[in-house]
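S.K.: Could you look at this predicted model? Sequence included:
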Amino acid sequence: MNKNPAEKTPVEHTPAAYAPVVLTDEILLSVRKPGRYIGREVNSVIKDKAGVGFAFCFPDAYEVGMSCLGLQLLYFFLNRREDVRCERVFAPWPDMEKIMRERGVPLYTLESRMPLMSFDFIGFTLQYEMTYTNIINMLELAGVPPYAAERGESHPIICAGGPCAVNPEPLAEVFDFFYIGDGEKNLDEILDIYISCKNGGLTKKEYLSRLLTVGGVYVPRFYDFSYDASGPIKSVSINAAGAPEKIERAVVTDLDSAFFPDRFVIPNIEAVHDRASVEIARGCARGCRFCQAGHVHRPVRERGLGRLLGQADCLIKNTGFDEISLVSLSAADHSRIRELTSELADRHTDAGVSITLPSIRADTIGGDVMEKLRRLRRGSVTLAPEAGSQRMRDAINKRMSETEIIDGCREALGAGIDKIKLYFMVGLPDETEEDINEIAGLCAKIAALSRGGRFSVGVSSGCFTPKPFTPFQWAAQDSAEIFTKKNKKIKSLLKNRRIKFNYQDGYLARIEAALARGDRRVLRPVIRAYELGARFDGWADSFDYGLWERAFDETGVPLDFFASRERDLNEILPWDHISVGVTKEHLAAEYKKSRRAEVSPGCDEKCLRCGVRCGRCDGTARA
């Protein structure tokens, strides 16, 4: 590997040297879903090739990426600038990848069908750890070496953001920089600095050095890691002047004034979530100890009622969607959710538009909310008790009683909802056999509410995966065999024909855990797994545990060390140089509470001094 690429050649891209990719009928008729690759959708933005080119890459299938609110938001946010053209790229399905490799077709954007190498930036959104092999594949298909150290000045800037960027280290040697936090906050500054550097003939390294002043930007090449002989990180050191010791997450504090698109790109084929989404809030006050999003996205910020109604009206008018999803980590916690659902019902029911709250807490369900959902053609409700026993719910700080859960389901049933979807996790820290049995018991009690009526219960079980920046970031993970044993036990106990049960593959969760809490050494098995054929690892029918096990074995990286090991509270973690606001001390205190099954109040009840500057702890918060 070339560790010293030329750094003195000025940044220069020559889009004219590249020609648009030609898609013949022969190619399109040879793949399963041609609509994934042709672009030209309603509301897509077509610009000339002037200005800064930003290829926005979603490392999963088109129909998954087109369901992502973050993609739609940032696509229109970047394209609002006259000097920037943002174009979309998705991971090609294996049938299309095969044709591209056979015919030498480079990976291209949907809007202009230009090769990615013709763009100034290639930016990835990191939504899920199991897309990492797709990222390597997309770079290879674009003709871009996966290691940043092997790339020169002629290559685009390769960057990433999104949920998984809070632990950037597994992909640190791939990306030139990571952006951690809310994209609307500082992306303009990142682009302005680039334009200035490009016009001034500065090098890529000089550009990256100037980014060190931008909040939320992490440049991996300016940080070095050393490791103890036993495996953990020994030290993290800075090798460049001006690089901060802690990279602070970028936060948009006022959602009402933040950008939100008035239209979405309408997919050519049916998307996973074929609807318009309105983000009603960011953050969550609940404090569930397993939830990364709830800790990373603090503090809670809401959009106002008038703003939300206006956004919903625009999206319905400009997209033709007949469903609006009210998106947040805990939608029913919005301070004006009843007014919002009521007004949306009054405005749009007659036009056949439905409303969706992706997940509702049982303790926030009321007859009025259920009535609004029924009016808006909502036939099912999703609840996430997470655990079957009260002891386990207390341990994870899911402040919800069995009575509240059952009463909430009864309210839903009484309002005409005919299906309850329940989500649980197995393998939580300190879980016992009795806790597993009580999952089945709670499901049976909910199913019994039907009393012979038309009512079904769908139960999903996920495998607990410890995530960075949660109180459980130090916790051990069950083995895949134990996960399977626990899920089969639940299935054997669910005898009611009204209950349909499915569960996550424990082997997939094991790899997810290794990537979620991994450091720079984990990249070697990621690339080896890709070389062995791993693609679309988040898809059950594509995931091959044998490839991953072989990849870890052949690269000499111990899978158990990263996947299942309990971390010491004093250990240097791969993400310790990143700050999302919540302190490590607060997370450790909450982890200790979990072992005692001790409940903590939510942020909306009492400030726990978690470290986030939300206004409550200094007395400036709204009463």
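M.R.: Done, it's in.

S.K.: contacts and neighbour counts: CA atoms only from here.
M.R.: Will do.

S.K.: which regions of the stretch 251-400 of the chain lie under the pLDDT threshold?
M.R.: In the predicted model of the stretch 251-400 of the chain, residues 359-379 satisfy pLDDT under 70.

S.K.: let's see it at 80
M.R.: Applying pLDDT under 80 to the stretch 251-400 of the chain flags residues 348-352, 356-381.

S.K.: which residues in it form strands?
M.R.: Using DSSP state E, counting those that start in this stretch, the strands assigned to the stretch 251-400 of the chain run over residues 276-279, 281-282, 301-302, 323-327, 354-356, 380-386.

S.K.: For residue 105, give me its contacts.
M.R.: Counting by Cα atoms under 8 Å, 6 or more residues apart in numbering, residue 105 touches 21, 99.

S.K.: next one: residue 190
M.R.: 211, 214.

S.K.: ditto for residue 580
M.R.: Contacts of residue 580 by Cα under 8 Å, 6+ apart are 166, 248, 249, 296, 297, 469.

S.K.: Just among these, which is most surrounded?
M.R.: residue 469 (28 neighbours; other Cα atoms under 10 Å).

S.K.: Count the neighbours of the nearest residue to residue 126 once chain neighbours are set aside for me.
M.R.: Spatially, and ignoring its direct neighbours in sequence, residue 126 is nearest to residue 162 (4.8 Å; Cα to Cα, 6 or more residues apart in numbering). Neighbourhood size, residue 162 [other Cα under 10 Å]: 19.

S.K.: Surely residue 162 and residue 216 touch.
M.R.: No. Taking Cα atoms under 8 Å as the definition, residue 162 is not a contact partner of residue 216, at 11.5 Å.

S.K.: re earlier: will you turn the strands of the stretch 251-400 of the chain into TSV that also has mean neighbour count?
M.R.: Converted to TSV, these look like this (neighbours: other Cα atoms under 10 Å):
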stretch	mean neighbour count
strand 276-279	22
strand 281-282	23
strand 301-302	20
strand 323-327	21
strand 354-356	23
strand 380-386	21
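
S.K.: closest to residue 425 out of those strands?
M.R.: Nearest of those to residue 425, taken as Cα to Cα: strand 380-386 at 5.3 Å.

S.K.: Include distance to residue 42 when you put the contacts of residue 580 into JSON lines, please.
M.R.: Conversion of these to JSON lines gives the following (distance: Cα to Cα, whole Å):
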{"residue": "166", "distance to residue 42": "34"}
{"residue": "248", "distance to residue 42": "38"}
{"residue": "249", "distance to residue 42": "34"}
{"residue": "296", "distance to residue 42": "34"}
{"residue": "297", "distance to residue 42": "32"}
{"residue": "469", "distance to residue 42": "39"}
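
S.K.: Just the residues you listed: which are in helices?
M.R.: The helices, defined by DSSP state H, take in residue 296 from the contacts of residue 580.

S.K.: give me phi/psi at the residue most central in space within the chain?
M.R.: In the chain, the residue lying closest to the centroid (Cα atoms, centre = their mean) is residue 127, at 3.2 Å. Per-residue torsions, residue 127: phi -90, psi -30 (degrees, to the nearest 10).

S.K.: who touches it in this structure?
M.R.: By Cα under 8 Å, 6+ apart, the contact list for residue 127 reads 162, 163, 164.

S.K.: And the nearest residue to the second one once chain neighbours are set aside, how far from residue 470?
M.R.: With Cα to Cα, 6+ apart as the criterion, residue 163 has its nearest non-adjacent residue at 5.5 Å, and that residue is residue 127. Noted for residue 127: a distance of 17 Å to residue 470, by Cα to Cα, to the nearest Å.

S.K.: Low-confidence stretches in the stretch 451-600 of the chain?
M.R.: Checking the stretch 451-600 of the chain against pLDDT under 80 turns up 451-455, 496-497.

S.K.: For it, just list every one of the strands.
M.R.: Going by DSSP E, counting those that start in this stretch, the stretch 451-600 of the chain shows strands at 456-463, 499-503, 578-579.

S.K.: Could you point out which of the ones you listed sits nearest residue 256?
M.R.: Closest to residue 256 of the strands of the stretch 451-600 of the chain, according to Cα to Cα: strand 578-579, at 24.9 Å.

S.K.: Hmm, residue 461 and residue 428 touching each other?
M.R.: No. Under the criterion of Cα under 8 Å, residue 428 makes no contact with residue 461, lying 11.8 Å away.

S.K.: From the neighbour counts alone, determine which of the two ranks first.
M.R.: When residue 428 and residue 461 are compared for neighbours, residue 428 comes out ahead with 23 against 20, by other Cα under 10 Å.

S.K.: measure that one to residue 388 for me?
M.R.: Between residue 428 and residue 388 the computed distance is 11 Å (Cα to Cα).

S.K.: Which of the three states applies to residue 54?
M.R.: Taking DSSP: H, G, I helix; E, B strand; the rest coil as the rule, one finds residue 54 in the strand state.

S.K.: Pull up the distance across stretch 511-522, start to finish.
M.R.: Terminal-residue distance, stretch 511-522 (Cα to Cα): 11 Å.

S.K.: buried ones in it?
M.R.: Within stretch 511-522, the residues that count as buried by 16 or more other Cα atoms under 10 Å are 511, 512, 513, 514, 515, 516, 517, 518, 519, 521, 522.

S.K.: quick one, what contacts the third one?
M.R.: With Cα under 8 Å, 6+ apart as the criterion, the residues that contact residue 513 are 465, 466, 467, 477, 562, 563, 564.

S.K.: Report the buried members of these.
M.R.: Neighbour counting with 16+ other Cα under 10 Å marks 465, 466, 467, 477, 562, 563, 564 as buried within those.

S.K.: measure the third one to residue 275 for me?
M.R.: So the one you mean is residue 467. Distance, residue 467 to residue 275, by Cα to Cα: 29 Å.

S.K.: go on, the fourth one?
M.R.: Computed as Cα to Cα, the residue 477 to residue 275 distance reads 36 Å.
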